[in-house]
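A.B. asks: Just to be clear, the model below is a prediction. Sequence and coordinates:
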Amino acid sequence: MTKKNIKIENINCEHCTNTIEEELNDLKGVISVKANKDSKMVTIEWQEPPATWQQITDLLEEIGFPANA
Ligand SMILES: [Cu+2]
C-alpha cells in the first residue's frame with residue numbers, strides 16, 4: 001500500500017472535498033481518501049497495482065483539482 005499527502009489549492013469548501021473523495025474512491029485500487037477543506041490537504045492511500053499515482057493525478061486534473069507540489 002502507498003500513501004501520499006498532497007495539497008490542492010482549488011479546494012474551497014466541503015463540496016470540493018466531497019467531489020475529490022467520491023471521484024478518487026471510484027478509482028480501482030484506491031483504498032482511502034481524506035480531504036480537508038481548511039488545510040487543503042488530501043491524504044490518499046492506494047494499492048499499486050491496479051491504481052497508479054499517474055492515474056490519481058490525471059483524475060484530479062480532469063475534475064478541476066490539480067495537485068500542487
Ligand atoms: Cu467547493
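C.D. replies: That came through fine. Numbering: from 1, shown residues only.
A.B. asks: At the contact with the ion, which residues of the protein appear?
C.D. replies: Within the chain, the positions lying close to the ion (Cβ under 5 Å from the ion) are 12-13, 15-16. Every residue, glycine included, has its C-beta placed from N, CA and C.
A.B. asks: Highest neighbour count among the residues you listed?
C.D. replies: C16 (18 neighbours; other Cβ atoms under 10 Å).
A.B. asks: So for the one helix or strand it maps to, what gets flagged as buried?
C.D. replies: Using DSSP states H and E, C16 sits in helix 14-25. Neighbour-count burial for helix 14-25 flags 16-17, 20-21, 23-24 (criterion: 16 or more other Cβ atoms under 10 Å).
A.B. asks: Distance to A35 and pLDDT added to the residues of the chain next to the ion, as JSON lines?
C.D. replies: Output for those, formatted as JSON lines (distance: Cβ to Cβ, whole Å; pLDDT from 0 to 100):
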{"residue": "N12", "distance to A35": "12", "pLDDT": "97"}
{"residue": "C13", "distance to A35": "11", "pLDDT": "98"}
{"residue": "H15", "distance to A35": "11", "pLDDT": "98"}
{"residue": "C16", "distance to A35": "8", "pLDDT": "98"}
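A.B. asks: so which two of those residues are the farthest from each other?
C.D. replies: Farthest-apart pair in these is N12 and H15; separation 8.2 Å (Cβ to Cβ).
A.B. asks: quick revisit: closest to E62 among the buried residues of helix 14-25?
C.D. replies: Distances from E62 to these, taken by Cβ to Cβ, are shortest for E23, at 8.5 Å.
A.B. asks: Perfect, that will be all.
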